[in-house]
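Peer 1: Just a sequence and a predicted model for now, questions to come.
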Amino acid sequence: MGDTDKKRKMNPKVIDIPFNSRNKYQASVHQDAEGKHLLVMKGAPEIVFAKCETILVDGEDVMIDETTRKGFREACEKLAGMGQRVLAFVDLHLDSSKFPPGYDFSTDDEEPNFPLDKLRFVGLLSMIDPPKASVPDAVAKCRSAGIKVIMVTGDHPITAQAIAKEVGIISSKNVLIIFDSLTPIPNSPQPGVSACVPGYVMTDWEEADLDKLIRSFTEIVFARTSPQQKLFIVEGYQRAGNVVAVTGDGVNDSPALKKADIGVAMGIAGSEVSKEAADMILLDDNFATIVTGVEEGRLIFDNLKKSIVYTLTSNIPEILPFLTWVVLGIPLPLSTVAILLIDLGTDMLPAISLAYENAELDIMERAPRDTHDRLVNHRLIFLAYGIVGITQAAAGFFVYAVIMASYGWMPNRLLFIKAEWEDEYNNNLEDSWGQEWSYGQRMMLQQTCNGAYFLAIVQVQWADVIISKTRMLSIFQQGMKNNVLNFAIIFETVLAAAVIYTPYVPQFIGIYPLAPEWWIPA
């Protein structure tokens, strides 16, 4: 080939037609030292070859016939079938009498003022641009996570389907249909069948045609697509009720990136236009990073739900003591200061520790959640309040009733006794067995019950935080590997014991130190 820089200087470019997705070729005119002009063109083989009249064979121009066309198609299909990107190269020596030195070449009109047909075919060039090694595994993870991966490319259909099979977008065991203008669109789902649809087939399609295609095939590759068709495809999948993410790096991808629910631009190879149109930018240009992002997003969503459930559950055992105190008139089971201690003390670290929980083993095997699902929904509320919260309240009232009964106050005796119980001048209130209690004795017993109720909530929260560790799997599958959570359980237990048994502290929060045996029913 020689010194390319020297050749370029000797054959300066006179005019250029840049590549675009509509023409699918790039052309330029160069002038040699003698003032003669040479048109050169490269682009999509089927587009460029259609403009040729002759072919260069062993240094001679030969007219293109059917045999040549057949050989050209076979060569393209062989190279494309190997997953290689193929470019065709053609040229034309312009007539010096029509295009003398200094000729004013122009592309301002609809058609340039120099010929773009009856060219000479020079040859094909194929390039291997292999997918990153991590892509097949990422596509497999997407499949297991219920994420459908659709390939939309400007490559030749045969190249596109070969690459799609290589990375797992199309199953190799499936029957593959490469559409042409005469291929009918099925009216029903086609299990075990994949489709490759070139852009020219979709030229006159209506929305209903694309919708029918999407319903019929789960594995689709779109090849030789234009920017308008990419946008058309995105809109079609959105009409089908999908949340659509689009990746792209060029200006031609910008409309689809903008329309998608999540536009993902390439940070290294991406154009500034595509980055501005996108919602997020991949700094490493790696498809596998998107899958990692999906997994992290699911983990964050899971852990937020776990933390919210854990935090909400203690509301029920905190509210019910006051409701029963007001409605049933029983001695107050839990003091207000103890409630603050639960919310701001013993519950704080376990709730935070759930943010450090590792992903559950099946996190990338679940179907995507419904778009109408919310972080806090009716199922979460029912679990927090209707199941775990009621269970915690039952545990608190159980130990409250056991301690009261052990000192002679049976449950039926406690009903509607609030006024007499809290009367500081009543020092001879009888219990169920006729024993008389002074006001000070009654307050000491009530504070003991408050301490036991507080301890019961702390103990039940042990189980609650372990329950909240997983949303789908068993704790035996997930294990207790979250050391922050393990420390949090120990911390809240030590804090509860310190509050109950540290001298002078209990009296400030309305509780009385418990006998060790009351830890068991609590």
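Peer 2: Received the coordinates, thanks. These numbers were taken from a predicted model, which means no experiment stands behind them.
Peer 1: Backbone dihedrals for Arg471, both of them.
Peer 2: Per-residue torsions, Arg471: phi -100, psi -30 (degrees, to the nearest 10).
Peer 1: Tell me, how many residues neighbour it?
Peer 2: If you count neighbours by other CB atoms under 10 Å, Arg471 ends up with 18. Every C-beta, even on glycine, is put in place using the N, C-alpha and C of the backbone.
Peer 1: residue contacts, it?
Peer 2: Under the criterion of CB atoms under 8 Å, 6 or more residues apart in numbering, the neighbours of Arg471 are Asp302, Lys305, Lys306, Glu360.
Peer 1: Now for these: which two are most distant?
Peer 2: Lys305 and Glu360 (11.8 Å; CB to CB).
Peer 1: looking at this, Val90 is in a strand?
Peer 2: Yes: Val90 sits within a strand when classified using DSSP: H, G, I helix; E, B strand; the rest coil.
Peer 1: what ranges do the strands span in the stretch 201-350 of the chain?
Peer 2: Taking DSSP state E, counting those that start in this stretch as the criterion, the stretch 201-350 of the chain carries its strands at 220-223, 245-248, 262-266, 280-282.
Peer 1: Revised request: answer the last question for the stretch 1-150 of the chain.
Peer 2: Using DSSP E, counting those that start in this stretch, the strands of the stretch 1-150 of the chain run over residues 13-17, 25-31, 37-43, 52-57, 60-63, 85-93, 119-127.
Peer 1: where are the low-confidence patches of the chain?
Peer 2: Across the chain, the ranges flagged by pLDDT under 70 are 1-2, 521-522.
Peer 1: Tell me who's in contact with the residue nearest in space to the middle of the chain.
Peer 2: Within the chain, the residue whose C-alpha comes closest to the C-alpha centroid is Val294; the distance, by CA atoms, centre = their mean, is 3.1 Å. Residues near Val294 by CB under 8 Å, 6+ apart: Cys142, Ala145, Ile147, Met364.
Peer 1: Mind doing that once more with 10 Å?
Peer 2: Neighbour list for Val294: Ala138, Lys141, Cys142, Ala145, Ile147, Ala245, Ile363, Met364, Pro368 [criterion: CB atoms under 10 Å, 6 or more residues apart in numbering].
Peer 1: Would you agree the fifth one is in contact with Lys141?
Peer 2: So that's Ile147. Yes: with contact defined as CB atoms under 10 Å, Ile147 reaches Lys141; the gap is 8.3 Å.
Peer 1: any common contacting residues for those two?
Peer 2: Val291, Val294, Met364.
Peer 1: Closest one of the residues you listed to Gly168?
Peer 2: Nearest to Gly168 out of the shared contacts of Ile147 and Lys141 is Val291 (CB to CB; 12.3 Å).
Peer 1: Let me know whether that closest one touches Ile147 as I believe.
Peer 2: Yes: the pair Val291 and Ile147 passes the contact test of CB under 10 Å, sitting 8.1 Å apart.
Peer 1: Which of those two has more residues huddled nearby?
Peer 2: Set Val291 next to Ile147 and count neighbours by other CB under 10 Å: Val291 wins out with 22 against 18.
Peer 1: In space, what's closest to that one - neighbours in sequence excluded?
Peer 2: Among residues not flanking Val291 along the chain, Ala138 sits closest, at 4.3 Å (CB to CB, 6 or more residues apart in numbering).
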